[in-house]
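Chemist: I would like to see how this sequence folds:
(chains A, B, C, D and E)
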Amino acid sequence: MRLVKVLGSITSTIKDPTLKGFKILLVQCIETDLKGRQEYFVAVDTVGMGEGEIGLIVTGSTAKRTEVTKKKNVDAAIVAKVDRIDLE
Amino acid sequence: MRLVKVLGSITSTIKDPTLKGFKILLVQCIETDLKGRQEYFVAVDTVGMGEGEIGLIVTGSTAKRTEVTKKKNVDAAIVAKVDRIDLE
Amino acid sequence: MRLVKVLGSITSTIKDPTLKGFKILLVQCIETDLKGRQEYFVAVDTVGMGEGEIGLIVTGSTAKRTEVTKKKNVDAAIVAKVDRIDLE
Amino acid sequence: MRLVKVLGSITSTIKDPTLKGFKILLVQCIETDLKGRQEYFVAVDTVGMGEGEIGLIVTGSTAKRTEVTKKKNVDAAIVAKVDRIDLE
Amino acid sequence: MRLVKVLGSITSTIKDPTLKGFKILLVQCIETDLKGRQEYFVAVDTVGMGEGEIGLIVTGSTAKRTEVTKKKNVDAAIVAKVDRIDLE
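Modeler: Numbering: from 1, shown residues only, chains lettered A, B, ... in the order given. You can find the predicted model right below:
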């Protein structure tokens, strides 16, 4: 998984039919100090994220394994909302 | 998924037979300000993109799951045309 | 696999049901001198890692193949605790 | 897919038995101006490339899906020879 | 595949049971001049590599397809020892 921050949302009318109904979010990978890095993904939301919130994404074939993304043509999904990061 | 801009198209005569008939596009990953980053993909078009337009690509095995790319030897496909990006 | 150092742990209440019960760790890829690089993953722990310890992660579909991660929606798992690195 | 240029070929005597008989090429990812980037792959040739020629590679599990790479232990294959790139 | 140089070996006592018995090597991706790049993998050896030698790795699910890595939880394996690189 990767630690990400939600930057915003994406609206698309013409798209793969299996993507209909999903909230599609633009997320940025972040470091332990919560600063963004130059690595972005567009992920479907499976847990109810708000903008600016911190979450975890899975990528690749795993993104198609959650209850709500089964058989959907997605390769990135937010699977957790992060409450706290405890550093050593 | 990744947010990309269509840069151009690629013509190939000698290719894997399963790639025949596809519009093959050269795309560049972009950031939230729509500026390009040094990350490029070549993706088949499944939604009817025009050059310069913004879209979403899926990569890896997911690219072979759309209606039109089933059993085709592709690892990147444009699956959505982006209408609007709403940043926080 | 990738050589990583455990930086800390992540707490999440709202998450994919299959992620419940796992220790979710934030790890950083390291080089041979054990210095961190700008590459981070969030991985479930399958071997009992402590913070600051060095381990190996698998990513992608392999992360779902261990005894404890079967059918879990994870794309990164720590599969070994590293005792020693012998350089040439 | 990725746009690549063929840099050279690789000779290996001791290798996985399924790799026997393939032309194994060293390729470099290129940008739209055909300049190389610091991203290299070693790919098996499925279309008859010459050195210095431009082609498309697929990576990951897709590389094992072409007629000639079925059940071969490859994770990168050249699947098209590029005739022309039309930029916007 | 990727062109790599063997940097050293890794010893691990506490690990996934399927990793037992493998020689686990730390490898670095190299360029055509054999200089290392900042990209490292930890791969199981399937061909009998020595330290400092040049080889090819496969990553992802392909790494689990060789005779010796079947059903093993690995995501990177050395599948060829390189004898010679011929550049254009």
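
Chemist: mind listing what A:Glu67 touches?
Modeler: If you count contacts by CB atoms under 8 Å, 6 or more residues apart in numbering or on different chains, A:Glu67 has them with A:Thr46, C:Asp16, C:Pro17. From N, CA and C alone the C-beta is placed, and that goes for glycine too.

Chemist: Just say helix, strand or coil for it.
Modeler: With DSSP: H, G, I helix; E, B strand; the rest coil as the basis, A:Glu67 sits in coil.

Chemist: picking that back up, which one of the contacts of A:Glu67 sits closest to chain E?
Modeler: Checking the contacts of A:Glu67 against chain E with CB to the nearest CB, the nearest one is C:Asp16 at 21.0 Å.

Chemist: picking that back up, which of the contacts of A:Glu67 are buried?
Modeler: Listed as buried from these are A:Thr46, C:Asp16; burial here means 16 or more other CB atoms under 10 Å in any protein chain shown.

Chemist: Columns pLDDT, secondary structure and distance to chain E on top of the contacts of A:Glu67, output as CSV?
Modeler: Formatted as CSV, the contacts of A:Glu67 follow (pLDDT from 0 to 100; DSSP: H, G, I helix; E, B strand; the rest coil; distance: CB to the nearest CB, whole Å):
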residue, pLDDT, secondary structure, distance to chain E
A:Thr46, 98, coil, 24
C:Asp16, 98, coil, 21
C:Pro17, 98, helix, 23
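
Chemist: Up against chain B, what does chain A have?
Modeler: Contact residues (CB under 8 Å from any CB of the partner chain) of chain A with chain B: A:6-19, A:24, A:26, A:38, A:40-43, A:51-52, A:60-61, A:63-64, A:73-76.

Chemist: Buried among those? Make that a PyMOL selection.
Modeler: Here is the PyMOL command that selects the buried residues among these (16+ other CB under 10 Å):
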select buried, chain A and resi 6+7+8+9+10+12+15+16+18+19+24+26+40+41+42+43+60+61+63+64+73+74+75+76
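
Chemist: near chain C, which of the residues of chain A next to chain B show up?
Modeler: Among the residues of chain A next to chain B, proximity to chain C is found for A:Gly60, A:Ser61 (CB under 8 Å from any CB).

Chemist: Show only the entries of the residues of chain A next to chain B found in strands.
Modeler: Using DSSP state E, the subset of the residues of chain A next to chain B located in strands is A:6-11, A:24, A:26, A:38, A:40-43, A:76.

Chemist: among those residues, which two are most distant?
Modeler: A:Thr11 and A:Gln38 (24.1 Å; CB to CB).

Chemist: if we can go back for a sec, of the ones in strands among the residues of chain A next to chain B, closest to C:Ile85?
Modeler: Nearest to C:Ile85 among those, with distances taken as CB to CB, is A:Gln38, at 29.2 Å.

Chemist: if I pick the closest one, what's in contact with it?
Modeler: By CB under 8 Å, 6+ apart, the residues touching A:Gln38 are B:Glu31, B:Arg37.

Chemist: can you rerun that using 10 Å?
Modeler: A:Gln28, A:Cys29, B:Cys29, B:Glu31, B:Arg37, B:Gln38, B:Glu39, C:Gln38 (CB atoms under 10 Å, 6 or more residues apart in numbering or on different chains).

Chemist: quick one: which of these is nearest D:Val82?
Modeler: Lowest distance from D:Val82 to these (CB to CB) belongs to B:Glu39, with 19.0 Å.

Chemist: Surely the closest one and B:Ile30 touch.
Modeler: Yes - if you go by CB atoms under 10 Å, B:Glu39 and B:Ile30 touch, sitting 9.2 Å apart.

Chemist: any residues in contact with both of the two?
Modeler: Shared contacts of B:Glu39 and B:Ile30, counting by CB under 10 Å, 6+ apart, come down to A:Tyr40, B:Arg2, B:Val4.

Chemist: Leaving out the residues flanking it, which one is nearest to the last one?
Modeler: Nearest residue to B:Val4 in three dimensions, chain neighbours excluded: B:Val27, at 3.9 Å (CB to CB, 6 or more residues apart in numbering or on different chains).

Chemist: what are the bridge partners for that neighbour, then?
Modeler: Note on B:Val27: beta-bridge partners by DSSP bridges are B:Val6, B:Phe41.

Chemist: Might one say that it is in contact with B:Gly55?
Modeler: Yes - using CB under 10 Å, B:Val27 makes contact with B:Gly55 at a distance of 7.4 Å.

Chemist: circling back to that earlier point, show me which of the contacts of A:Gln38 are buried.
Modeler: Neighbour counting with 16+ other CB under 10 Å marks A:Gln28, A:Cys29, B:Cys29, B:Glu39 as buried within the contacts of A:Gln38.

Chemist: Let me have those in CSV, adding pLDDT and distance to A:Lys81 as columns.
Modeler: Converted to CSV, the buried ones among the contacts of A:Gln38 look like this (pLDDT from 0 to 100; distance: CB to CB, whole Å):
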residue, pLDDT, distance to A:Lys81
A:Gln28, 96, 16
A:Cys29, 96, 16
B:Cys29, 96, 26
B:Glu39, 92, 28
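
Chemist: Restrict these to those that also contact chain C, please.
Modeler: Contacts with chain C within the buried ones among the contacts of A:Gln38, counted by CB under 10 Å from any CB of the partner chain: A:Cys29.

Chemist: Go through the buried ones among the contacts of A:Gln38 and name the one nearest chain E.
Modeler: Once CB to the nearest CB is applied, the member of these that ends up nearest chain E is B:Glu39, at 15.1 Å.

Chemist: Contact partners for the closest one?
Modeler: Neighbouring residues of B:Glu39 by CB under 10 Å, 6+ apart: A:Gln38, A:Glu39, A:Tyr40, B:Arg2, B:Val4, B:Val27, B:Gln28, B:Cys29, B:Ile30, D:Cys29, D:Arg37, D:Glu39.

Chemist: Arrange these in JSON lines, one row each, with distance to D:Asp86 as further columns.
Modeler: Formatted as JSON lines, these follow (distance: CB to CB, whole Å):
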{"residue": "A:Gln38", "distance to D:Asp86": "29"}
{"residue": "A:Glu39", "distance to D:Asp86": "30"}
{"residue": "A:Tyr40", "distance to D:Asp86": "27"}
{"residue": "B:Arg2", "distance to D:Asp86": "22"}
{"residue": "B:Val4", "distance to D:Asp86": "17"}
{"residue": "B:Val27", "distance to D:Asp86": "14"}
{"residue": "B:Gln28", "distance to D:Asp86": "15"}
{"residue": "B:Cys29", "distance to D:Asp86": "20"}
{"residue": "B:Ile30", "distance to D:Asp86": "20"}
{"residue": "D:Cys29", "distance to D:Asp86": "19"}
{"residue": "D:Arg37", "distance to D:Asp86": "20"}
{"residue": "D:Glu39", "distance to D:Asp86": "23"}
